[in-house]
Each structure stands twice: as structure tokens, then as C-alpha cells.
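Colleague: pasting the sequence and the predicted model now:
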Amino acid sequence: MVFYADDIKNLPSRQRALFINSLSGFKSANLVGTCNTNYYSNLSMISSVVHIGSNPPLLAMIIRPHSVARHTLENIINTQYYTINHVNETIYQQAHQTSARYAINESEFKAVGLTELWQENFSAPFVKESRVKMGMKLREHIHLSVNKTEMIIGEIIRVYVTDDIICDDGYVNIEQSGTVAVSSLDSYHSTSLLSHLAYAKPSMPIKKLNRSLGDKA
């Protein structure tokens, strides 16, 4: 089956959204925690978080057009701080429910049954039930004229992870943490590791790595 540009354009809007969102494959599933200047908390499901760089440690994410109220975007711009929390297999249904449009004074945490976790000297809430949590500071906000979406680039300024998922070489074993992936708009997946592979060099054959959690597991 082949889809040309006109075929894609002529699909019903919901079908087109599911189709195109499926093509990028598995994506990260994260809950973004914010609050506004009146300290009303907000929690939003985001599947577009991507690594930008390690030094400084930067993550980017895309937020849909600001043609209607976007509480997450507005809170990040106004306060400069937010959290990114991995979705795991015990909370994926509650995480999905945060995509519903709640009123600005109605916390998604309370509405879906997740727990706000406030850490000292940080002005945005974490998700207590998440096993990988990152505190973020806004570094750049870019309006993308191609489709009117908004790119948020933030710096990781603190990380909370459980002790049993950090390998000796610094690798974070997110599969052991139960982190799930998302495909299209509504499908959630557990993962199964195939292999760790050594750093690729032209003169070296492909080599598998053995990673150890040491005595932390």
C-alpha cells in the first residue's frame, strides 16, 4: 500500500492523526509537571521529549499550537521550571487520562489519582509514583512557524532515580524501572532488551556489552 501526499491530506482528520503519529515509531512516555503563579498544579502527558545534548544536559519537547489555553506551556513560560517524569507500567492509564482538558484550577494529579511530590527549593511538582524524575529549567522557547507548534528546550538541573537502576558505567536501566513507551496517540508498550552494543568504530567489529548493576540491584 502506498500513500502519496494527497492521499494523506484527504484522510479523515482522526484517522490521519493516528496514521501519522504511528509512523515515528515508539516514543517516550512522560508526565510533565508544572504549576502556575497561583500554585495550581498541572500534569500533562507528553510523548515528544527528545535528547538534545549532554553538556549541558538538555531535553526538548513539542507542545501543540497555542491557539487554545495550554496550561503546561503557559506555566513553563511564566515560572521557568517544570518536571519530566517517566511513565511506568503501574501508572500509564492515569497518565493517559491527564490528556483530558481539565479546568485551570483543577489539578490533574488529583483528578487522575497521582501524587504531587514537592522537593526542597524546586517550584514545580514531581510525580511521586514515577521512578525516574527530572527537574527542568527553561532555556529556550521556539515557535515553529511550519505548523504553529511550540518547542521547549530545558536543562536538567536535578534527577531522582531509584538506586537499583543505575549501572556501573552510568547507564540508567529504564526497562528495570518499568518505563513504558507509547506509539501513535493511545497505545502503550512494555519493552524487552535485545542487546547492549559497544561504541561503533569503522575498524572494529560489532561487539555486545555486558552491563552490571553491581550490588545495587
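Modeller: Structure received. Keep in mind the model is a prediction, meaning the values are calculated, not measured.
Colleague: for the closest residue to Ala181 other than its chain neighbours, list the residues it contacts.
Modeller: Of all residues beyond its chain neighbours, the one nearest Ala181 is Phe26 (4.1 Å), with distances taken as C-beta to C-beta, 6 or more residues apart in numbering. Placement of C-beta: from N, CA and C, glycine included. Contact analysis of Phe26 by C-beta atoms under 8 Å, 6 or more residues apart in numbering lists 181-183, 189, 191.
Colleague: just the buried members of the residues you listed?
Modeller: Among these, those classed as buried by 16 or more other C-beta atoms under 10 Å are 181-183.
Colleague: go through the residues you listed and say which is closest to Asn10.
Modeller: Checking those against Asn10 with C-beta to C-beta, the nearest one is Ser183 at 23.5 Å.
Colleague: hmm, who's touching the lengthiest helix in the chain?
Modeller: Criterion DSSP state H: the longest helix present in the chain is helix 13-23. Contacts with helix 13-23, where a contact means C-beta under 8 Å, 6+ apart, come from 3, 8-9, 11, 183-186.
Colleague: and the helices in the chain, which stretches?
Modeller: For the chain, helices defined by DSSP H occupy the ranges 5-9, 13-23, 71-79, 92-97, 108-112.
Colleague: so which of those is nearest Arg131?
Modeller: helix 92-97 (12.8 Å).
Colleague: now the strands: where do they sit in this protein?
Modeller: Here the chain has its strands, by DSSP state E, at 27-28, 30-35, 41-46, 50-54, 57-63, 81-86, 116-117, 126-127, 132-144, 149-161, 181-183, 187-189, 196-197, 208-209.
Colleague: can I assume Ser183 is in contact with Ser28?
Modeller: No. Using C-beta atoms under 8 Å, Ser183 is not in contact with Ser28; the gap is 11.1 Å.
Colleague: measure the residue nearest to Ala181 to His196 for me?
Modeller: Remark: distance between Phe26 and His196 (C-beta to C-beta, to the nearest Å) = 18 Å.
Colleague: same thing with Thr179?
Modeller: As judged by C-beta to C-beta, Thr179 and His196 stand 16 Å apart.
Colleague: who has more neighbours out of the two?
Modeller: Applying other C-beta atoms under 10 Å to Thr179 and His196 shows that Thr179 carries more neighbours, namely 23 against 13.
Colleague: okay, the most far-flung residue of the chain relative to its centre: pLDDT?
Modeller: With C-alpha atoms, centre = their mean as the measure, the chain has its most outlying C-alpha, relative to the mean C-alpha position, at Ser203: 36.0 Å. Ser203 carries a pLDDT value of 89.
Colleague: coming back round to it: for His96, find the nearest of the strands of the chain.
Modeller: Among the strands of the chain, the nearest to His96 by C-beta to C-beta is strand 41-46 (6.3 Å).
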